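>>> predicted model, plus sequence, below.
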There are 6 protein chains.
Amino acid sequence: MTDAARISSPDFGAALTAGAVPVLPFGALEQHGPHLPLATDTIMADGLARRITEEIGGILLPPLPYGQTSDNAGFAGTMTLAFDTVRAIAKDIATALKQQGARGFVIVNGDFGNQAPLRQAAREISEHLDLPILVVNYPGMAEIAADLCTTEPAGLGLYHAEEFETSLVLHLQPQDVRMERAVAEYPDYPATFPAVLTGLEKLSRSGVFGDPRPATADLGRRLLDRLTTEAVALVNAFLATLPG
Amino acid sequence: MTDAARISSPDFGAALTAGAVPVLPFGALEQHGPHLPLATDTIMADGLARRITEEIGGILLPPLPYGQTSDNAGFAGTMTLAFDTVRAIAKDIATALKQQGARGFVIVNGDFGNQAPLRQAAREISEHLDLPILVVNYPGMAEIAADLCTTEPAGLGLYHAEEFETSLVLHLQPQDVRMERAVAEYPDYPATFPAVLTGLEKLSRSGVFGDPRPATADLGRRLLDRLTTEAVALVNAFLATLPG
Amino acid sequence: MTDAARISSPDFGAALTAGAVPVLPFGALEQHGPHLPLATDTIMADGLARRITEEIGGILLPPLPYGQTSDNAGFAGTMTLAFDTVRAIAKDIATALKQQGARGFVIVNGDFGNQAPLRQAAREISEHLDLPILVVNYPGMAEIAADLCTTEPAGLGLYHAEEFETSLVLHLQPQDVRMERAVAEYPDYPATFPAVLTGLEKLSRSGVFGDPRPATADLGRRLLDRLTTEAVALVNAFLATLPG
Amino acid sequence: MTDAARISSPDFGAALTAGAVPVLPFGALEQHGPHLPLATDTIMADGLARRITEEIGGILLPPLPYGQTSDNAGFAGTMTLAFDTVRAIAKDIATALKQQGARGFVIVNGDFGNQAPLRQAAREISEHLDLPILVVNYPGMAEIAADLCTTEPAGLGLYHAEEFETSLVLHLQPQDVRMERAVAEYPDYPATFPAVLTGLEKLSRSGVFGDPRPATADLGRRLLDRLTTEAVALVNAFLATLPG
Amino acid sequence: MTDAARISSPDFGAALTAGAVPVLPFGALEQHGPHLPLATDTIMADGLARRITEEIGGILLPPLPYGQTSDNAGFAGTMTLAFDTVRAIAKDIATALKQQGARGFVIVNGDFGNQAPLRQAAREISEHLDLPILVVNYPGMAEIAADLCTTEPAGLGLYHAEEFETSLVLHLQPQDVRMERAVAEYPDYPATFPAVLTGLEKLSRSGVFGDPRPATADLGRRLLDRLTTEAVALVNAFLATLPG
Amino acid sequence: MTDAARISSPDFGAALTAGAVPVLPFGALEQHGPHLPLATDTIMADGLARRITEEIGGILLPPLPYGQTSDNAGFAGTMTLAFDTVRAIAKDIATALKQQGARGFVIVNGDFGNQAPLRQAAREISEHLDLPILVVNYPGMAEIAADLCTTEPAGLGLYHAEEFETSLVLHLQPQDVRMERAVAEYPDYPATFPAVLTGLEKLSRSGVFGDPRPATADLGRRLLDRLTTEAVALVNAFLATLPG
């Protein structure tokens, strides 16, 4: 794996010339309950991107530690970027990669709120920049969680600071997890959710959606293995469509 | 020191309530010759911000690993953000901090190209957001380099991948420095530089401006000490102006 | 029901004062195979919005006959608006409604590509305009189709010019349907779809995704009844949260 | 005539290939006194565009039912779009038409406030898109009104909900006119009007500018005939300049 | 009269406090045939604004020497600003005036192409800035020309480098007029003009629209007197509406 | 020298065809203490640009009398343009010059606040417009002041309404200087200046930074000579890089 942050300019140029595809983890600084660090989404996106990059021989770009996360803005420590800022960051980096001769561009996204602006950026990159782009959003996550986790999900697609995420951080960065503070919380969603935008602080006092208590580092390792398998299959399908 | 990336939401809230001021390192992914890593500006900004935050009891925000660096766009590995993207990132984070009750905001900038957009963002934050903001750009750098470095600077304010920067990275992240590749290069500036924008690849084949060869980790430590002293004095003067 | 296009200014004012909530159908001009009219999404959104408005005693606003539909831009007759244009239209109308004293705002969206810009507009309307807003996207559609349709869906959430949509238009505007041209087409999705944006003309020669041939007006009526039931429940839940 | 909303994608493509030119009616949702419907401008623009399209064998695009109408924003039911939104809509549709191979583009505008943004859009379409465009704003309206109407106009170019407009709607959509409510009102313009922007609600309590009472459907038919004659002459002159 | 460019900050403040209203001439750098200077519109706007300011005891702001003039972009020396740039300039200056306590703001516009962006700026200034604003566009110009000029106008409202404008510049800045080069040119307008935007270089080889040859400085003085009379009446009506 | 404001369109075209390079003075309307006119920056930029243009046989464009000067917004008479407005003006004029065939473009800037937006505009002009551009910001000013002025500068690069600027205006436009009001003021800068943006009204009651009292027209002439020498050397170096 080539870690762009740690190599020199000529080494980056050589990797690109050899056809290596850049992989950008996009995270967030966002509340994840009382037991997980604010960087949780960044840690997970970086962890998955690292695994993908190893498998495909790509170039790992430094992870974006901020993202669009306004649904969590009611909790301390959440620093949300605007929709248009996330969109601009993705487009700027794609523009630079195109100028440098990249064959394609993969973004590994770890934050729900980034999905829409990255999708829009990908549309504009495809239409105006002629750079093939793939955005990876934890492929197969719901199925993987159902297969491997022991607790019920909070529903409506929300996996937040519960067994799945907590296990991943226990595997990737255990020193920043405070399991003694872990609490379970299952929100009672109003009938208008998620059709009406609702600050998540109105749905969960703790900021947790689900039950993190059974989480383990070993489960985290197995979850990451499965995520990696799914993601690498998708990325390889993408690579197979690239010219050159 | 409080490292926002590694703590939980309630801990961030407690630190902010106690009056701790957030400090954001703003870096870049930019060529730094054949011997320094692309993340050099981020490493240095983060290193200085970390020291400042320790001294003032602040909150360290995760460093931005991309910045405006179009002057280096002709070198492999440089990923420049647009002027308006850097400006938007700074304003978004300031907006979030204001909403969360921060008393003030400090940005520690490690990249020359970020200076103008951060200055403009600071103007708009001051005028529209009512959040006191200080942007720190390596205060006293030229004097400190003159005092402690052994080689001549490249002139016109350019300290790039030479003794100063190389020593800092040798101190902060030595495993990513390839000293055996270090070369000296002193550009012959055209008369129109810097009044006419010029791609730096036209001025230096290696991307180095100055002489990195005598750099040492020990010098890096002493340089960082001096930078920290200057910066902390400035930040403390800023803190003294804050309400509450 | 109050049809804003057909009543006078004082009558509109009286309805708003009485607490009636405006309902905006958002459609598109978009290919729907060889047998359905380009206005299909507008016809369906207007049809559903009309039913909702009758049930809740709301005000029906004139339907938007254009939307974001760039995935279909490779087919003749598709006229796509930009993401930001859809977002601006929704925000402008919300601004006008707020100024006129509306208690809330409901958008009934009939086009897949409008979902993201309307979601973003709703976020900004919530944050900056203090007007409660609900965006309705055919609630329960997949379940309703599974219950009532006789053919298999095309998969990946794509219901386009098939039994479901064709039946609805046969019910709402039969004179514009050319059933003798109806063909079935089940795409063979590439592994990268939908993670990589793909022009739909590359997936279906006819522009149909599924099988429209068994569609009937009677099925269309029953589908609309079910959609209406689901949508009215959601809208009533929304209305229950409004002040005044 | 080809009505784009009602035909299928292949039929639209065939019409465009045969050289038919698309015609877009641009209306507004705007107060027109106590007796005319809010959609009056849309009804008139659509009525005229329909006649033009028949005469030239063009393609009628679905009418925009909203426009820039902020001068009437003080009256209930007026839903104004921003200047830049009208401009963006026109440019987006022009962009789509250009991509699909249209030879030219005609907009039939029914709302005073749309004139400026459509003019600016036409400038940008001409300069950047290489698509010939004609904006038709009721050509010869003042002369036609002077010839055929029996009442005095309100002056300063304002024909609003009076004999001219009321007759047209009586001809085109009589079921939405409440003639028993029709009142005449002749404003006493301040000396600064129209040089200083003035909410029209300050000039006319009823929202009427002129006298609608003698309006008849028959007069409406004759007015539309005359408008059509003038407009078709202009459009034909435009078509004669198109390549191909 | 107070000429803002020539007085000091305290004197400007005193004038504003005394209630003097600022008057901004907005010109253009635009072709005016072979005999008039490129600054013609600026010279005329400044000349009229100067007279108005004297009459009302206002503050003359420095004239803008550039404007929106893209219809003339096909002629050498025309430097057009974008629509949005003219709009932004007017709004920025209005914002500054509002912050400094101005009671109102008068713009004297000398360029046809500025009319639309200044109108739009005035709308936004009225709505968002709470600063009364009047834009003066040569009031009564057609009547004054008909009364005092000896030659026929070129029609369609075009008075460009002909007797009217040439006389005004002969009065205001005679040293920059080359009467020996003056030629008459009466365009043969195509039927689509002005509904279709047309570069003026396609209508007049010389850039003149009308006949400048009989122009005299004495006529220019009388034209300016009449323009001043009309404009001052309008401005005084505006001033009568201001608070304070 | 060719003064664009005063010549006709054909004469401008001839000068450009002959290879003359356009020179744009960019000024500001900004407080300069009780003794200097608000147009001081414009007077100086125009004076220097005039001298440069004479020396190089260029084309003098009309000076922009407004600029970005928000640091002085707390003083009466300062009319600041936004950063983005200055940027847009420079880009619009560059676009027009490029279309007309200019070989290059020189801006002579007289206002500190314009430096950043003109720098950014120059970057965008270089990257997107393929027009070589040079921005001249009083080259060698600090050295020239040190050589020729008799009073101490106010420090931190601030030369505002003191001996240097006052002498230049005494030379260029003496009738607008009120020397009897001239006062000296040496601010006591806070430790956070200029890292924290500070309204200059908080640093100097008079708006003067330095001592204007010894200023003379003769010194102004010598200062302008020196500035001209430095600037012409720079411009000639720029011209030497131009094609054609």
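Received, thanks.

>>> please make it C-alpha for all contacts and neighbour counts, starting now.
Noted.

>>> does chain C sit close to the host helix or strand of A:Ala237?
Using DSSP states H and E, the element containing A:Ala237 is helix A:217-240. Yes: for helix A:217-240, a contact with chain C is found by CA under 8 Å from any CA of the partner chain, at A:234-235, A:237-238.

>>> and for that helix, what are the contacting residues?
Contacts to helix A:217-240, defined as CA atoms under 8 Å, 6 or more residues apart in numbering or on different chains, come from residues A:48, A:51-52, A:55-56, A:104, A:106, A:134, A:136, A:138-141, A:144-145, A:148-149, A:164-172, A:174, C:191-192, C:196.

>>> so which residues of chain A form strands?
A:2-3, A:22-26, A:59-60, A:105-109, A:133-136 (DSSP state E).

>>> can you count the residues close to A:Asn72?
22 (other CA atoms under 10 Å in any protein chain shown).

>>> contact partners for it?
Listed by CA under 8 Å, 6+ apart, the contact partners of A:Asn72 are A:30-31, A:78, A:199-201.

>>> for A:Gly210, give its distance to A:Gly19.
42 Å (CA to CA, to the nearest Å).

>>> cool, and A:Ala82?
Taking CA to CA, one finds A:Ala82 at 33 Å from A:Gly19.

>>> wait, A:Gly210 touches A:Thr166, no?
No: assessed by CA atoms under 8 Å, A:Gly210 is found out of contact with A:Thr166, at 10.6 Å.

>>> okay, these two: which has more neighbours?
A:Thr166 (31 against 24).

>>> quick check: residues of chain A near chain C?
A:83, A:116, A:120, A:122-123, A:126, A:133-136, A:191-192, A:195-197, A:234-235, A:237-238.

>>> switch the cut-off to 7 Å
Neighbours of chain C within chain A, by CA under 7 Å from any CA of the partner chain: A:116, A:123, A:133-136, A:191-192, A:195-197, A:234, A:237-238.

>>> about what we covered before: so which of the strands of chain A gets nearest chain F?
Nearest to chain F, of all the strands of chain A, is strand A:105-109, at 23.3 Å by CA to the nearest CA.

>>> what angle do strand A:22-26 and the closest one make with each other?
Angle, strand A:105-109 to strand A:22-26, by axes from the mean of the first three to the mean of the last three CA atoms, to 10 degrees: 20 degrees.

>>> residues making contact with strand A:105-109?
Contacts to strand A:105-109, defined as CA atoms under 7 Å, 6 or more residues apart in numbering or on different chains, come from residues A:21-27, A:45, A:49, A:132-137.

>>> between it and helix A:217-240, how many degrees?
Here the directions of strand A:105-109 and helix A:217-240 differ by 150 degrees (the same axes, to 10 degrees).

>>> partners of strand A:105-109 in the sheet?
Counting by DSSP bridges, the strands paired with strand A:105-109 are strand A:22-26 (parallel), strand A:133-136 (parallel).

>>> redo those as a markdown table? Include distance to A:Glu230, mean neighbour count and mean pLDDT.
Compiled in a markdown table, the strands paired with strand A:105-109 are given as follows (distance: least, CA to CA, whole Å; neighbours: other CA atoms under 10 Å in any protein chain shown; pLDDT from 0 to 100):
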| stretch | distance to A:Glu230 | mean neighbour count | mean pLDDT |
| --- | --- | --- | --- |
| strand A:22-26 | 16 | 26 | 98 |
| strand A:133-136 | 10 | 24 | 98 |
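
>>> distance to E:Arg181 added to those, as CSV?
Listed next are those as CSV, based on distance: least, CA to CA, whole Å:
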stretch, distance to E:Arg181
strand A:22-26, 64
strand A:133-136, 61
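
>>> quick one: which of those is nearest F:Asp111?
strand A:22-26 (40.6 Å; CA to CA).

>>> give me the contacts around the closest one.
Against strand A:22-26 from outside (CA under 7 Å, 6+ apart): A:42, A:45-46, A:49, A:53, A:58-65, A:105-110.

>>> tally of neighbours for the closest residue to chain E within chain A?
Per CA to the nearest CA, A:Asp84 is where chain A lies closest to chain E, at 20.8 Å. By other CA under 10 Å, 16 other residues sit near A:Asp84.

>>> ok, it - contacts?
Counted by CA under 7 Å, 6+ apart, A:Asp84 has contacts A:Pro117.

>>> now it: how far from B:Pro63?
20 Å.

>>> could you do A:Gly113 as well?
Counting by CA to CA, the gap from A:Gly113 to B:Pro63 is 20 Å.

>>> ok, A:Leu29 next?
A:Leu29 is 11 Å from B:Pro63, by CA to CA.

>>> more neighbours: these two, which one.
Neighbours per residue, other CA under 10 Å: of A:Leu29 and B:Pro63, the larger number sits with A:Leu29, 29 against 25.

>>> would you mind listing where chain A has pLDDT under the threshold?
Applying pLDDT under 70 to chain A picks out residues A:244.

>>> now A:Gly104: closest residue in space that isn't a chain neighbour?
With sequence-adjacent residues excluded and distances taken as CA to CA, 6 or more residues apart in numbering or on different chains, A:Gly104 is closest to A:Pro132, at 4.8 Å.

>>> just flag the most distant two among the contacts of strand A:105-109.
Among the contacts of strand A:105-109, the pair separated by the greatest distance (CA to CA) is A:Gly27 and A:Pro132, at 21.3 Å.

>>> higher neighbour count, those two?
More crowded of A:Gly27 and A:Pro132, by other CA under 10 Å: A:Gly27, with 28 against 23.

>>> hang on, isn't the more buried one packed against A:Asp41?
Yes: with contacts counted by CA atoms under 7 Å, A:Gly27 reaches A:Asp41, the gap being 5.0 Å.

>>> identify the contacts common to these two.
Both A:Gly27 and A:Asp41 are contacted by A:110-111, under the criterion CA under 7 Å, 6+ apart.

>>> what number of residues lie near A:Asp147?
10.

>>> what's the answer for A:Gly155, then?
13.

>>> how near is whatever residue of chain A ends up closest to chain D to chain F?
Nearest residue of chain A to chain D, counting by CA to the nearest CA: A:Glu127, 12.6 Å away. From A:Glu127 across to chain F, the span is 19 Å (CA to the nearest CA, to the nearest Å).

>>> alright, that wraps it up for me.
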